[in-house]
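Q: Kindly return the folded structure for what I paste below:
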Amino acid sequence: MATIIYTLTDEAPMLATYSFLPVVQAFASSAGVDVETRDISLAGRILALFPDHLTEEQRIGDALTELGELANTPEANIIKLPNISASLPQLKAAVKELRSQGYALPSYPDDPQTEEDREIRSRYDRVKGSAVNPVLREGNSDRRAPSAVKNYARRHPHAMGIWSSDSRTNVATMGRDDFRSNEQSVVLGGDDTLTIRHIGSDGTTTVLKDGVTVLEGEVVDATVMRAAALDTFLREQIARATAEDVLFSVHLKATMMKVSDPIIFGHVVRAFLPEVFERYGADLAAAGLSPNNGLGGILDGLSALPNGDEIRAAIDKGIADGPRLAMVNSDKGITNLHVPSDVIVDASMPAMIRTSGHMWGPDGQEHDTLAVIPDSSYAGIYQAVLDDCRANGAFDPATMGSVPNVGLMAQKAEEYGSHDKTFEISTEGRVEVVDAAGEVLTSHEVAPGDIWRACQTKDAPIRDWVKLAVTRARASQTPTVFWLDGSRAHDRNLIAKVETYLADHDTEGLDLRILPPVEAARLSVERIRRGEDTISVTGNVLRDYNTDLFPILELGTSAKMLSVVPLMNGGGLFETGAGGSAPKHVQQLVQENYLRWDSLGEFLALAESFRHEADRGNARAGVLGEALDRATERLLNENKSPARRVGQIDNRGSHFWLACYWAHELATQTEDDALATTFAPVAEQLTSNAEAIDAELIAVQGSPADIGGYYRPDAAKASAVMRPSDAFNRILATLG
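A: All right, here's what the predicted structure looks like:
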C-alpha cells in the first residue's frame, strides 16, 4: 500500500489538521493510499530530545530524524505544513507549557555553568530557529501560483494600498562592513575536512569548530559583520528616522538565521535605548535579561528586579525620546522591538509594500517608514520595488503577472547551513578556515562583538538547481533569470557553475539570463506590471524572500502558492505555504471558536502528492489528485474559503465544502468507474445534508474553545473542537 506522510506541526495549521486529516485519510483509502502522520511540531521535537526526562508513556520517537532519512529515499512522499521556527522566547514558552502538562523537562540554561547544563542547552538549541526545513529539504524548490489561484485572484483582486509619489518610505542598509561586503568564497578541489579557528592578537589559537566535512566542488563561504560599524549604522538610522519624521522599524530573519540575527536584534534594541543600557545594562545582564530576546522579555522580567520600576520608566522615556517605532500591535503597545520573531523580513516587507509603504504607528495609524535591514546582501531588492511603486503606483492584482521561483535549498545550502558555524567573537584577532593540510582558505580580522559565520553549498544541489530551472523554463516557455551578482564572492562562484552546468542541457530557444538581484527585481516588476511572468532562480535566502514578496503582492498571501520539492533521490516533498499569521488565528479560535486559517495550501500540496503516487504507477491516486484540483477551483469560485468573522464560514466549513465538491468530482468523473460508484452516495449524502452540516459548524462559533494547550494541545479536546459536525463525521466514516 502506498504511503503519504502528513506532518503534524504547530499553531493554526496543526489545528486545521484535526479537521482536514480525516477527510484526507477517508478519500485516500479509496485509492489504496495510506496517510500516516509524523509529529514535527516544536513541542514534539522538544520531547523527542529528552526521553531520559520522561516517563515511558510520555516518550515519543524522533520523527524529524526519521523523515530526514526518508527524504533521501525514492519512496518519500511527504506533505509538510508550516512549523514554528522557534526563537528563544518561543522555545521557553513551549517548555513552560510542557512542564505544566506534566513533562519533567529541564529549564533552558541561559548561562550554563556545568557540563550537564551545557549538554541540556545543546539539546534545546537543536530545535531553535529553522531546524525542520534543512533536514527535510533534500531537493530544490519549485514554487508557483497554480492557474486556478491566479485566475481567482484576477477575478477577485485583493485590496492594495494607494501609493504616493512623495512617499518617504525607504530601506536603510549598511553596504560596508557587513556580511555581503566582507564575504570570501572558495570552491573545494577535492573532498576534505575543514577547521575554523580563531587566532588571538596574542597568538593564542582557539578551535571554534573542527571536523567540517566538505566534498569536491563544494562552495564554502565565510564572512563577518563588524559590531562597531553595525552600531554606528544603527545610530545613524535612528537619527535619520527622527529627522525624516518616519517610523523606525528593523527587519531581520531571527528564525531562519537563529544565531546571527538575534544578536543583530540585540544591537538594535541597545542602539534605540542607549541611556538605558549604559546605566542599567549590568543589572539586566545579571538578571539574564538580554536585548537579543527583545524588549518584551526585558519588560516581563523587570518585576523581579529591585529597581525594575526605575528601569521601566527609563525604557518608556527612551522610547518617547526616540523616533516613532513601528508597531506589531499598537493597541497592546507591542513594538517592532518587542520580540525578534514578530517581524520577519520576508513577510513584513511585502506587507509594507502592499499597504502603501506603510507600517502601523503608536497612534494606531499607518505611516511612512524607514525599514532597517542591516546586511546589504538582498536589501536592495526591496528598495527597487519601493521605488517602482513610488513612481508607478500600486500593483493591480487583476492584471499583474507572476514571478514563480526555483530555489537552491537542498542539503542545507547557503545560509541554512550556517547555524553551527556562526560565532560572536569575544577577543581581537582573526578567524580562519583551514583545510586538512593546514592551508588557509579564508581569513578575516575580527574584533570583540563581531559576528562571523561560514556556510556551505554542495555541488550536487547546484547541478540539480540548474536542471530544475531549465525544466521549468522549458515547460512554461517563460523568461528565466538567475539572481546572481558577479560583484559578490559567493555569487561569482555560482555564476561559473551555472554557466558550466547550463551547457549540459538543451537551452535552445529559452530566454535564460543572469542578473544581479536589484536588476532582476527591476526587470521582474516591469514585466509583472505588463501582465508578464518571469521565473526567478535564486539562492536559499532569496527563495524565502521572493516566495513571499511576489505572492503577497499578486495573491494577498504566500499561503496560496504551490510548493513542490522534487527530492534528489526520487521522492517528493510537498509544502503547504506560509504560516506567519498562524498565532493570531489560534488566539481567535480560543477566544471565539472560529478558525480563520485557509487550508488552500494543503489542498494544492495534497493534489501534487497524489500525482506523485500516480507517476509511480497508482493511476487511481492520479484521479483523486485531478478531482481535488477541480474541487479546489470550484471552492474558490463558490467563495467557500474561510471568511474573517464569527457567524461566517471558517476553516472547518471550508473543509466540508471541499469534501463535498471533491466527492462530486469523483462521482462524476469517467476515468475510474469504481471510484465513481464509491463516491456517488457520499456526494449525495454530503449535498443533501449540506444545510444541516453548515448549521452545525456555525452553531459552535462565538464562545471560547478549550484545546488544552497552545504548543501541545490535548488531542481529544482539539479534535472535538475541530470536528463538531456529527453528520459530517458519520458520512466520512462510511469511506473508512
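Q: Please enumerate residues in contact with stretch 469-479?
A: Applying Cβ atoms under 8 Å, 6 or more residues apart in numbering, the external contacts of stretch 469-479 come out as 142, 404, 406, 480, 482, 502, 505-507, 510-513, 527, 532-535, 537. The way it works is simple: take the backbone N, C-alpha and C, and place the C-beta from them, glycine included.
Q: Low-confidence stretches in the stretch 101-250 of the chain?
A: Counting by pLDDT under 70, the stretch 101-250 of the chain shows no low-confidence range.
Q: on that earlier part again, can I get the buried part of the contacts of stretch 469-479 as one ChimeraX selection?
A: Provided next is the ChimeraX selection string for whichever of the contacts of stretch 469-479 are buried by 16 or more other Cβ atoms under 10 Å:
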select :142,404,406,480,482,502,505,510,512,527,533,534,535,537
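Q: out of the contacts of stretch 469-479, which are inside strands?
A: Taking DSSP state E, the ones among those that sit in strands are Asp142, Val406, Thr480, Phe482, Leu512, Arg513, Ile535, Val537.
Q: Check those and tell me the two furthest apart.
A: Greatest spacing in the ones in strands among the contacts of stretch 469-479, by Cβ to Cβ: Asp142 and Arg513 (18.9 Å).
Q: and the end-to-end length of stretch 62-75?
A: Across stretch 62-75, the terminal residues are separated by 19 Å (Cα to Cα, to the nearest Å).
Q: And that stretch, how far out from the chain middle?
A: 20 Å (Cα atoms, centre = their mean, to the nearest Å).
Q: Return the set of buried residues in it.
A: For stretch 62-75, by 16+ other Cβ under 10 Å, it's Asp62, Ala63, Leu64, Leu67, Gly68, Leu70, Ala71.
Q: from the residues you listed, which single one is nearest Leu732?
A: For the buried residues of stretch 62-75, the residue nearest Leu732 by Cβ to Cβ is Ala63; the value is 25.6 Å.
Q: Now do the nearest residue to Leu512 once chain neighbours are set aside, the pLDDT please.
A: Distance criterion Cβ to Cβ, 6 or more residues apart in numbering; nearest residue to Leu512, sequence neighbours excluded, is Thr480 at 5.3 Å. What the model reports as pLDDT for Thr480 is 98.
Q: Excluding sequence neighbours, find me the nearest residue to Gln456.
A: Sequence neighbours aside, Gly417 is the residue nearest to Gln456 in space, at 5.0 Å (criterion: Cβ to Cβ, 6+ apart).
Q: do Ser185 as well
A: Nearest to Ser185 is Ala489, by Cβ to Cβ, 6+ apart, at 3.9 Å.
Q: my guess is the one you found contacts Glu183, does it?
A: Yes - using Cβ atoms under 8 Å, Ala489 is in contact with Glu183, at 4.4 Å.
Q: Quick check: neighbours shared by the two?
A: Asp221.
Q: Three-state assignment for Leu194, please.
A: Taking DSSP: H, G, I helix; E, B strand; the rest coil as the rule, one finds Leu194 in the strand state.
Q: An error on my part: the question was meant for Pro74.
A: coil.
Q: With Val212 instead?
A: Secondary structure state of Val212, per three-state DSSP, is strand.
Q: ok, it - how many residues close by?
A: Residue neighbour count, defined by other Cβ atoms under 10 Å, stands at 18 for Val212.
Q: give the contact list for Pro448.
A: Residues in contact with Pro448 (Cβ under 8 Å, 6+ apart) are Ala227, Ile425, Ser426, Thr427, Glu428.
Q: Rounded mean pLDDT for whichever helix or strand Glu310 is part of, please.
A: Per DSSP states H and E: Glu310 is located in helix 308-321. Averaging pLDDT along helix 308-321 yields 95.
Q: now stretch 444-458
A: Per-residue pLDDT values across stretch 444-458 average out to 97.
Q: So which bits of that stretch are buried?
A: For stretch 444-458, a neighbour-count test (16+ other Cβ under 10 Å) marks His444, Val446, Gly449, Asp450, Ile451, Trp452, Arg453, Ala454, Cys455, Gln456, Thr457, Lys458 as buried.
Q: quick one: the first one and Arg180, what's the gap?
A: Right, the one you point to is His444. His444 sits 14 Å away from Arg180, going by Cβ to Cβ, to the nearest Å.
Q: Spit out the residues that contact those two alike.
A: Shared contacts of His444 and Arg180, defined by Cβ under 8 Å, 6+ apart, comprise Thr223.
Q: re the thing from before, got the CA coordinates for the helix holding Glu310 in CSV?
A: Output of helix 308-321 as CSV, limited to C-alpha atoms (Å, rounded to 0.1, in the frame of the first residue of the first chain):
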residue,chain,number,x,y,z
GLY,A,308,12.6,47.3,38.0
ASP,A,309,10.2,50.3,38.1
GLU,A,310,13.1,52.7,37.6
ILE,A,311,14.3,50.7,34.6
ARG,A,312,10.8,50.6,33.2
ALA,A,313,10.5,54.3,33.5
ALA,A,314,13.8,54.8,31.7
ILE,A,315,12.7,52.5,28.9
ASP,A,316,9.4,54.4,28.5
LYS,A,317,11.4,57.7,28.4
GLY,A,318,13.9,56.2,25.8
ILE,A,319,11.0,55.2,23.5
ALA,A,320,9.3,58.6,23.9
ASP,A,321,12.6,60.4,23.1
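Q: next structured bit after that helix?
A: Sequence-wise, the next helix or strand downstream of helix 308-321 (DSSP H and E) is strand 327-329.
Q: Can you measure across stretch 130-148, start residue to end residue?
A: Start-to-end span of stretch 130-148 (Cα to Cα) is 31 Å.
Q: Same question for stretch 45-53.
A: By Cα to Cα, one end of stretch 45-53 lies 14 Å from the other end.
Q: how distant is that stretch from the center of its chain?
A: A distance of 24 Å separates the centroid of the chain from that of stretch 45-53, by Cα atoms, centre = their mean.
Q: Who does His444 form a beta bridge with?
A: Beta-bridge pairing for His444 (DSSP bridges): Val431.
Q: so what's it up against?
A: Counting by Cβ under 8 Å, 6+ apart, His444 has contacts Asn182, Gln184, Ala222, Thr223, Val224, Arg430, Val431, Glu432, Trp452.
Q: go again using 10 Å as the cut-off
A: By Cβ atoms under 10 Å, 6 or more residues apart in numbering, the contact set of His444 is 182-184, 222-224, 226, 425, 429-433, 450, 452, 454.
Q: now do Ala131
A: Neighbour list for Ala131: Ile40, Leu42, Arg45, Leu64, Asn83, Ile84, Ser85, Ala86, Asp125, Thr255, Lys258, His419 [criterion: Cβ under 10 Å, 6+ apart].
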